[in-house]
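# what's the 3D shape of this:
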Amino acid sequence: MAEQYYSDTEIATLLGISLSRLRSKIYQGEPLPARIEIPGSRTRLWNKEDVHSWLNQFKKQDALIDPRSQVRKFKK
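Residues are numbered from 1 along each chain as shown. Predicted coordinates for the structure are as follows:
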């Protein structure tokens, strides 16, 4: 099976940020998924499987809790 890749534009869209913000994050060394930088080219490739694995580490497990159960009840 051939590996599939995202472009910078697709990664920015997936993360909900602008392309310039993505580039800024890269140059500032902020945590991002592993990427392939081709020598002599401005092109970066992002392995789709690596990107989704990286994103999965941020899943919240408490999302299934009923928010109504978190309401504090006060004594009268």
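
# can you tell me how far G16 is from R35?
Noted for G16: a distance of 18 Å to R35, by CB to CB, to the nearest Å. In short, each C-beta sits where N, CA and C put it, glycine included.

# settle it for me: which of those two has more neighbours?
R35 (16 against 7; other CB atoms under 10 Å).

# thought the more buried one was touching W54?
No - using CB atoms under 8 Å, R35 is not in contact with W54, being 10.3 Å away.

# outside of stretch 27-45, which residues touch it?
Applying CB atoms under 8 Å, 6 or more residues apart in numbering, the contact partners of stretch 27-45 are 5-8, 11, 25-26, 46-47, 50-51, 53-55.

# so which of these sit within helices?
Among these, the ones falling in helices (DSSP state H) are 8, 11, 25-26, 50-51, 53-55.

# check those residues for burial and list the buried ones.
Neighbour-count burial (16 or more other CB atoms under 10 Å) applied to those gives 8, 11, 25, 50-51.

# how about the contacts of stretch 27-45 in CSV, adding distance to G40?
Formatted as CSV, the contacts of stretch 27-45 follow (distance: CB to CB, whole Å):
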residue, distance to G40
Y5, 18
Y6, 21
S7, 18
D8, 17
I11, 21
K25, 23
I26, 18
W46, 19
N47, 20
D50, 23
V51, 24
S53, 28
W54, 26
L55, 30
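
# for E3, see how far away the nearest residue to Y5 once chain neighbours are set aside is.
Nearest in space to Y5, with sequence neighbours left out and distances taken as CB to CB, 6 or more residues apart in numbering, is L45 at 4.1 Å. Here the distance between L45 and E3 works out to 9 Å (CB to CB).

# how far off centre is the top strand by length along the chain?
Identified as the longest strand of the chain according to DSSP state E is strand 44-47. When distances are taken as CA atoms, centre = their mean, to the nearest Å, strand 44-47 is centred 13 Å away from the chain's centroid.
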